[in-house]
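>>> Structure of the sequence below:
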Amino acid sequence: MNSVLLKLTITGSRSAYGRLAGIAAGVAVGVCMLLLLWGGANGLNARDDRGAWLRETGTPSATYPTPPSAAADPDIDPDTDPAATSEAPTPIPLTTDAVLMRSNPVEVFRDQLINRRDFAALDTTTVSIPGVGAPPAPGEYYASPALQQLIDSTPRDELGDRYGTFAGTIDDSALPGPDSLVIVTGAPEAEIRNSGLNFLVTGFTTDPYGGNAATYTTVLSIGAIAVFFPVLLLISIVTGLGAAERRERFSTLRLIGASPRVVARIAAAETAIPSLIGAVAGVVLAVLLRPVAAQLPVNGTRMFISDLTTGWVAGLIVVTVVVAAAAVTAAYRTSRAGIGPLGVTQSAPETLPRTRRLLPLLGGLAALVLAALLSRTANDLSAQLQTPLLLGGFAFTLVGIIAAGPWLTLLVSRIGARRAHSAAAVIALTRIQRTPAATFRSVSGLVIAVFVVSVFAGASSVIETRPTPTATPGLPQPTSVTSTISTGTTTTDTTSMKDRLEQLPGIRHATIGYGAAAFTEIGAEREIYLRAEDAPSLGFTSIPTTDVVTLDMSFLDTWTTTPVPLLPTPTTTFDRFVPVVIMVDTDGTPGAVDRARTALNTSGITGTPGTTPTDLELQSSARLVQGLAVLAYLGMVIAVVIAGVSLAVGTASAILDRKKVLGLMRLMGMPTSTLRRIILQEAAVPLLTVLTLSIGLGFLVAWLMITGIDDSYTLTWPGTDYFIALVISLTLALAAVVATFGLIQRNTTPTTTRFA
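Predicted coordinates:
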């Protein structure tokens, strides 16, 4: 290939330099986003790997080698009576090389979940806790830097008194992110054993997802596909800038003897050079933006900057693939254009799209439907097919929208042309009928963005399906704090604790519930007995006229939405009962609630941390859907912004490609305002044609994917964020088109048209 021909082709005019700069800038943005998204995907995995040890893994310890009921009755032989030993765990020797860990207590401060792990080291243990090392001594704790900062800035009776003496910080290598609230405390072995379910841990897991690994990977892959697609569209659109002007230059080369193969090579080189410059700039830009991207909170915590590092291999791969794809695409488009030595006097109409363009879309939806159906069948074949069907179906649906867009655009333009009454509408619709694919290409990024936003909004709405707790009789009050009582606690100790609680600021009343045995004991009954005079503080209004009332233990279940009735009982004394639960009524202020939590947690008589009805929502089991919701909001921003840039670039490209035609129209007396309306309608017709389809398909796909992941999830109406995103999308679309009006003014003047 002659270097002189290449130089003559790509240089020599301001428009040529502008075109090359536009290609380089677009590729730089695309490569930057690809690398940041790649780094973000890797960072999510690395973050979850670091926090994997927080999952409970180990063997349930022998909390009750002999059931208390059997030990209390001398007539029962625990060696022969099956009732005495049923469900009792097998005792584990205390010489096991392990640490004793309390199982995932719900530790909350304000509306933030604290990952707390209580450990007791056995005499011979050599187990090392990640980020800490040897278990702390009883009364000491290790905290993450973010949590220790929170403890230091908060009154001790609201948070710090829960943990004891500060022994050191947890290393970043064991923290999901810099904002993670993690604490490791030391406790006596007897205290942990009597607190309820606990584990003997001989080692910590490295699997952050457990049995959900494949599903979590599926969620991440779907989010990656959805976010990468608009980026790839942007790169595809910018590499086609100034196609008409290049055709004229290439026809000149053909006239002086260049072969079609040489012209194709020049086209490839012309696109590859600015693409390479833009790709390298994109790598540099990604490195500079990593500290900014790391500030975005993901599932409640930011990422470490190192999480977003992809390495030079990833950068080289992205640069190579993008430059090669741009060059090959340019060469292919040039060879297919059939440029001859006589040039092109008018643009050739496209091959009109046919109905078969709907096949990829229908195929993608069929795959998603099949995945949703397979989720309702439990067998190995269904599990193996589900992930490929979800990923393939989602990818084919994205491709299908792009493939079906030109056909739908052509269909609507034909209908609109029969009803057009203005010159701008006739010209715009006629051009759309001749080039439906090129017309749709300019708005394809925004169409995909709306689809992605709808999918993400539909999927993330699953998290919002749980009703907010209200002050309803028969349900735990939103301002109350509840904790179960440890085995062996006396009524005197509990009453003393009740009196101390009621002396604290913001605590209105404390109620003790009694039962036949502590809830932590095997075979404990479900009934809770309390004094009738205490019932109003729990929110009850219809109270039986007895001294003692009974309610079911399901009253403590913060997930329930069915009120629990308050029943009378003939019992008038609690002599044969033991305290099983303490319920604290607060004034609802954050300080009072946390003060009650701290007092309960440090009382020495509670078996579980104090919780409110809203606390357990902070550790929802729908972790996979939460991961998708995180990608949702990041994907919304990325997709919408890139779509706006793509639309502006695509519209500008269309104006530059037709500047001679538009200039002749203006030379004939057509006002510039009419030319602007032509451009506006050319963007509006394909956009509005597919926009409604994208919204509907987005929610349908979200429902199919969520059902395919877990058929117990249900979708609800999207939040206000979705409608804000739609408004922003349409605003960006209008702004992108309006921003190109200046090109019409500059490129359609009589002087420009004369020398074009």
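
>>> was I right about Phe119 contacting Leu100?
Yes: the criterion here is C-beta atoms under 8 Å, and Phe119 meets it with Leu100 at 6.8 Å. For every residue, glycine as well, the C-beta is placed using N, CA and C.

>>> shared neighbours of those two, anything?
Residues touching both Phe119 and Leu100 (C-beta atoms under 8 Å, 6 or more residues apart in numbering): Ile192.

>>> where does the closest residue to Val132 other than its chain neighbours land in three-state SS?
Of all residues not flanking Val132 in the chain, Tyr142 sits nearest, at 4.8 Å (C-beta to C-beta, 6 or more residues apart in numbering). Per DSSP: H, G, I helix; E, B strand; the rest coil, the secondary structure class of Tyr142 is strand.

>>> Burial check on Tyr142, number of neighbours?
27 (other C-beta atoms under 10 Å).

>>> Also Val323?
By other C-beta under 10 Å, the burial measure for Val323, its neighbour count, is 22.

>>> Distance-wise, check it relative to Arg265.
Val323 is 15 Å from Arg265, where distance means C-beta to C-beta, to the nearest Å.

>>> returning to that earlier point: surely the residue nearest to Val132 meets Val184?
Yes: here Tyr142 lies in contact with Val184, judged by C-beta under 8 Å, at a distance of 4.6 Å.

>>> Quick check: neighbours shared by those two?
Taking C-beta under 8 Å, 6+ apart as the criterion, Tyr142 and Val184 both touch 131-132, 136, 170.

>>> Now for the protein, the helix or strand with the poorest mean pLDDT.
helix 68-72 (a mean of 36; mean pLDDT, DSSP states H and E).

>>> what stretches of the stretch 201-350 of the chain score poorly on pLDDT?
Applying pLDDT under 70 to the stretch 201-350 of the chain flags the ranges 206-221, 223-224, 227, 234, 239-248, 298-300, 337-350.

>>> Which strands and helices lie in contact with the helix or strand hosting Leu359?
Assigned by DSSP states H and E, Leu359 falls within helix 359-374. With contacts taken as 3 or more C-beta pairs under 8 Å, 6 or more residues apart in numbering; DSSP states H and E, helix 359-374 sits against helix 380-417, helix 672-709.

>>> Can you name every helix or strand that the first one contacts?
It stands for helix 380-417. Using 3+ C-beta pairs under 8 Å, 6+ apart, helix 380-417 is in contact with helix 213-238, helix 359-374, helix 423-434, helix 436-460, helix 672-709.

>>> just to revisit the earlier point, look up how far Arg156 lies from the residue nearest to Val132.
From Tyr142 across to Arg156, the span is 18 Å (C-beta to C-beta).

>>> and Tyr332, how many residues sit next to it?
Neighbour number of Tyr332 under other C-beta under 10 Å is 13.

>>> Please, which helix or strand holds it?
Assigned by DSSP H and E, Tyr332 falls in helix 311-337.

>>> related to what we said a few turns ago, want to throw the shared contacts of Tyr142 and Val184 into JSON lines with neighbour count?
Conversion of those to JSON lines gives the following (neighbours: other C-beta atoms under 10 Å):
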{"residue": "Gly131", "neighbour count": "19"}
{"residue": "Val132", "neighbour count": "20"}
{"residue": "Pro136", "neighbour count": "25"}
{"residue": "Ile170", "neighbour count": "22"}
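
>>> wait, which of those is closest to Thr271?
Proximity of the shared contacts of Tyr142 and Val184 to Thr271 (C-beta to C-beta) peaks at Gly131, which lies at 49.6 Å.

>>> confidence score at the closest residue in space to that closest one that isn't next to it in sequence?
Nearest non-adjacent residue to Gly131, counting by C-beta to C-beta, 6+ apart: Ala174, 2.7 Å away. Ala174 carries a pLDDT value of 90.

>>> contacting residues for Ala174?
50-51, 53, 130-132, 182.

>>> could you check the distance from it over to Gly698?
Remark: distance between Ala174 and Gly698 (C-beta to C-beta) = 39 Å.

>>> now the strands: where do they sit in the chain?
Ranges of strands in the chain, per DSSP state E, are 59-60, 99-102, 106-109, 112-121, 140-143, 165-169, 182-186, 198-201, 480-484, 507-515, 527-531, 548-552, 567-568, 578-586.

>>> coming back round to it: check the contacts of Ala174 for burial and list the buried ones.
Applying 16 or more other C-beta atoms under 10 Å to the contacts of Ala174, the neighbour count classes 50-51, 53, 130-132, 182 as buried.

>>> Take these and lay them out in CSV including pLDDT and distance to Ala652.
Output for the buried ones among the contacts of Ala174, formatted as CSV (pLDDT from 0 to 100; distance: C-beta to C-beta, whole Å):
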residue, pLDDT, distance to Ala652
Arg50, 85, 45
Gly51, 82, 46
Trp53, 83, 52
Pro130, 89, 53
Gly131, 90, 52
Val132, 91, 57
Val182, 92, 50
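
>>> In helices, which of the residues you listed appear?
Arg50 (DSSP state H).

>>> Kindly indicate which of the buried ones among the contacts of Ala174 lies nearest Val685.
Gly51 (49.5 Å).

>>> what sits against the closest one?
Gly51 makes contacts with 115, 174-176, 180, 208, as judged by C-beta under 8 Å, 6+ apart.

>>> any idea which of these is the one closest to Val564?
Within the contacts of Gly51, the smallest distance to Val564 is 30.8 Å, found for Asn115 (C-beta to C-beta).

>>> so that closest one bridges to which residues?
Val106, Val182 (DSSP bridges).

>>> Show me the domain layout of this structure.
Taking automatic domain parsing as the reference, the chain has its domains at 1-51+212-345, 58-207, 355-465+622-756, 480-619.

>>> which one of the ones you listed lies closest to Ala471?
domain 480-619 (6.0 Å).

>>> Looking at that closest one now, give me its mean pLDDT.
85.

>>> Could you shift the numbering so residue one becomes 630, and keep it that way?
From this message on, residue numbering opens at 630, which makes the last subject domain 1109-1248.

>>> How much space separates the nearest residue to Leu1130 once chain neighbours are set aside from Ile1353?
Of all residues not flanking Leu1130 in the chain, Ala1139 sits nearest, at 4.3 Å (C-beta to C-beta, 6+ apart). Distance, Ala1139 to Ile1353, using C-beta to C-beta: 44 Å.

>>> Pick out whichever of those two has more residues nearby.
Higher neighbour count among Ala1139 and Ile1353: Ala1139, with 26 against 11, using other C-beta under 10 Å.

>>> show me the contacts for that one.
Contacts of Ala1139 (C-beta under 8 Å, 6+ apart): 1126-1127, 1130-1131, 1211-1214.

>>> of those, closest to Leu990?
Using C-beta to C-beta, those come closest to Leu990 at Met1212, 55.5 Å.

>>> wouldn't the closest one be in contact with Ala1164 here?
No: with contacts counted by C-beta under 8 Å, Met1212 stays clear of Ala1164, the gap being 10.7 Å.

>>> Can you pick out the residue with more neighbours from the two?
Neighbours per residue (other C-beta under 10 Å) separate Met1212 from Ala1164, with Met1212 holding more: 23 against 19.

>>> low pLDDT regions in the stretch 630-779 of the chain?
By pLDDT under 70, the weakly predicted segments of the stretch 630-779 of the chain are 630-645, 647, 685-725, 732-735.

>>> the helices in it, which residues?
For the stretch 630-779 of the chain, applying DSSP state H, counting those that start in this stretch gives helices covering 632-639, 643-679, 697-701, 711-714, 774-781.
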